[in-house]
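Peer 1: Next input, structure requested:
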Amino acid sequence: MRTAFSAVVWALATLMIVLLVTLPINTRTQLIASILIVGAMTIIKLLNAEGKWRLVALAFGTAMVLRYVYWRTTSTLPPVNQLENFIPGLLVYLAEMYSVLMLGLSLFVVAMPLPPRKIVGKATGRLPTVDVFVPSYNEDEGLLANTLAAARNMDYPADKFTVWLLDDGSTVQKRKSANVADARAAEQRQKALQQLCDDLGVRYLTRERNEHAKAGNLNNGLAHSSGELIAVFDADHAPARDFLLETVHYFENHPKLFLVQTPHFFLNPDPVERNLRTFEKMPSENEMFYGIIQRGLDKWNAAFFCGSAAVLNRKALEVSNGFSGISITEDCETALDLHGLGWHSIYVDRPLIAGLQPATFASFIGQRSRWAQGMMQILRFRFPPLKRGLSFPQRLCYMSSTLFWLFPFPRTIFLFAPLFYLFFDLQIFTSSGGEFLVYSLTYMVVNMLMQNYLYGSFRWPWISELYEYVQTVHLLPAVVSVMLNPRKPTFKVTAKDESVSVSRLSEISRPFFVIFAVLVVAFGMSVYRIYAEPYKADVTLVVGGWNLLNIIIAGCALGVVSERGERQSSRRVRVSRRCEFGIGDRWFTATIEDVSVNGAALQVYNEGFRDFSIQNVGKIRFQPYGDMPISDLPIEIRNFDSIGDVTSIGCRYMPQKATDHRLIADLIFANSAQWTQFQMGRRHNPGLLRGTVWFLGIALYQTTRGLGYLVKDMGRKRPTEEA
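Peer 2: This next block holds a predicted model:
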């Protein structure tokens, strides 16, 4: 009875919304309604009202979006018999409908996401056995040493977990390559990594051939191990000490649980953050996904495997015949298969690993191209809407995750649509300037307000548009390629531990400057048309404003592709940890102020130290978090500066044995609380107005910086060409 009553209420509410959305009203009435609804949403937001009030605000916004869709569908499409106008007009309309569809899916997923799960601290009851997989392909020994040492340092009974290095860079196929240089390099790599694993107490495993990329490597690990659970870490994802204790206990009371996924936290900025210098100020791009979207997916039992920082159930993997490898995104595909087989997933919103992001813009685009192509393969070969075994909410969630990667198509259309009118006088929008402002501007404002409601402090205004634009230029051909030939893409490992030593333009930056130049010419055309055709000034002003918005985003992108030179790829993390600093036979009281994957900064307090001549080498001694004995960590002194009774020292680690790597891992990765503190320190919501002003300022600066890099680059090339 209660269910029937709820159904009637929902049916009546839906009918009322349809009647309101389709109600014929004039432009003035629409303007008044728009002002009232935007005002109501703004007030609710300013009052920080949550719960039902949040849903009320989102419902207001949804009504305005649907009103816009009705107007666009019934009143603005060019006549079909005018193909030169109708075809581009239809493309713009379809791009807008895609955006509305994605907004609707986002509302379903994250309107009321699950709150973060409570920190457990210590697992209780019987602890399962765990195999820890670290798949590797071409990563260097130093990077792997940090990750393997951090994995060995995890707080878990030693007889209950085994760390495995799954080395796909030294397969038998590679060691027997016809290319002698490649064969020797593979042999040397195998010997070095075998020795590293022996020193660290890690199992080393390779295989005959590189088949099915990462999925095949993981499945080979499954075939040679026997742990009840499988923890997976990318080669550059080092776990904190409490990773296993915060994740494995969920499997105890959930026999059908196949996955516990945790977020990916990164020590270094991505190219957008580095070149815009926003890493310490603004949430990273991935935080919207891991901070909000995964919690929303978790509500519908649709949180999926992200390839690393996760624990999986061996029994579930045996049911699905291991990790899926049809697509090049084996993680999401594996989760989709297991969800379809009735297994469950859990998302733990706490950073328990620290990794590295691509440092160069080209590597960043390469990584995103693989993600986009893999998701398109899943859409093509698995097609979530018809996937057997999925619940209806799960189908919607997977559609949201896969369809998102179609964004290069509408983003391209929105970028060039104003040019249809400004250069060719095509009428892609049959409405007056006033109607366009009343409906379209309201839609844009409401859309921005809803995005701010959904993602708040996790995504600042206009940042999504910037990220989508900088990816679109190169992702569009990648997505088209996989659509035409879905089996063509192959798994390409993302470059790790990179650095940009010299400031320069990215090697794939040229299209951005060409597009910016075209948009600037179009802006000049809009000014000319306002002067030459005053009777069309209202429409030209609207289209010119649209083009100006594109110029602002495209100008900011010039700064993104202008690579800033940096000496190191990872940021230093503040730790404030007491230690002793040794040089020669003397020891001094000191504090480790901050650390990175390569070195540390010390503050030495003993007065006698100032009169002691600095040497090139020294050592530090500190109390590890784990049960390791206190040992000396060799360091190389790079610089020092004395102020009063304190001497500041910059040093570089000089690991010589396995214990040294474990001490370095303890310094950097052991304490997961520091990652949470860092994230929380940059999570705040500037609001729509202040965030827009901030973005305009940064876009103006980055435009001039990008053009400056272009001038310098042309100046460097000219003498070479003349010579």
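
Peer 1: okay, CA-based contacts and neighbour counts for the rest of this
Peer 2: Noted.

Peer 1: Can you report how many residues lie near Leu475?
Peer 2: Leu475 is flanked by 26 other residues according to other CA atoms under 10 Å.

Peer 1: Tell me how far it lies from Arg577.
Peer 2: Distance, Leu475 to Arg577, using CA to CA, to the nearest Å: 44 Å.

Peer 1: Trp694: how many residues sit nearby?
Peer 2: Neighbour count for Trp694, taken as other CA under 10 Å: 15.

Peer 1: Can you pull up the most central residue in the chain?
Peer 2: The structure's the chain has its C-alpha centroid closest to Asn286; by CA atoms, centre = their mean the separation is 2.9 Å.

Peer 1: continuing past the helix or strand hosting Asp331, what's the next helix or strand?
Peer 2: Here Asp331, judged by DSSP states H and E, is contained in helix 330-340. Using DSSP H and E, the next helix or strand after helix 330-340 towards the C-terminus is strand 344-347.

Peer 1: That next one packs against which elements?
Peer 2: Here strand 344-347 touches strand 257-261, helix 294-299, going by 3 or more CA pairs under 8 Å, 6 or more residues apart in numbering; DSSP states H and E.

Peer 1: Among the ones you listed, which comes closest to Phe404?
Peer 2: Between Phe404 and the helices and strands packed on strand 344-347, the tightest spacing by CA to CA is seen for helix 294-299, at 14.3 Å.

Peer 1: what about the following helix or strand past that closest one, distance to the chain center?
Peer 2: Using DSSP H and E, the helix or strand that directly follows helix 294-299 along the chain is strand 310-313. Here strand 310-313 is found 21 Å from its chain centre; the criterion is CA atoms, centre = their mean, to the nearest Å.

Peer 1: Equivalent analysis for stretch 60-67, please.
Peer 2: 29 Å.

Peer 1: still on that earlier bit, and the helices and strands packed on strand 344-347 as CSV, adding distance to Arg662 and mean pLDDT?
Peer 2: What follows is the helices and strands packed on strand 344-347, written out as CSV (distance: least, CA to CA, whole Å; pLDDT from 0 to 100):
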stretch, distance to Arg662, mean pLDDT
strand 257-261, 25, 97
helix 294-299, 32, 95
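
Peer 1: Can I get these in a markdown table including mean neighbour count?
Peer 2: A markdown table is the format used below for the helices and strands packed on strand 344-347 (neighbours: other CA atoms under 10 Å):
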| stretch | mean neighbour count |
| --- | --- |
| strand 257-261 | 26 |
| helix 294-299 | 25 |
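
Peer 1: between these, which gets nearest to Gly524?
Peer 2: Closest among these, using CA to CA: helix 294-299, at 44.1 Å.

Peer 1: Next up, the contacts around Tyr653.
Peer 2: Contact analysis of Tyr653 by CA atoms under 8 Å, 6 or more residues apart in numbering lists 598-600, 633-636, 664.

Peer 1: just Lys45 next, same as before
Peer 2: Shown in contact with Lys45 (CA under 8 Å, 6+ apart): Tyr453.

Peer 1: longest helix in this structure, by residue count?
Peer 2: The helix that spans the most residues within the chain, counting by DSSP state H, is helix 688-722.

Peer 1: helices or strands up against it?
Peer 2: helix 442-455, strand 504-505, helix 537-560, strand 562-563.

Peer 1: Pick the most deeply packed of these.
Peer 2: strand 562-563 (a mean of 27; mean count of other CA atoms under 10 Å).

Peer 1: contact partners of the helix or strand just after that strand?
Peer 2: Counting by DSSP H and E, the next helix or strand C-terminal to strand 562-563 is strand 573-583. Identification of contacts with strand 573-583 by CA under 8 Å, 6+ apart yields 587-596, 604, 615, 617-623, 668, 674.

Peer 1: If you count neighbours, what's buried in strand 573-583?
Peer 2: Neighbour-count burial for strand 573-583, with 16 or more other CA atoms under 10 Å as criterion, is recorded at 573-575, 578-583.
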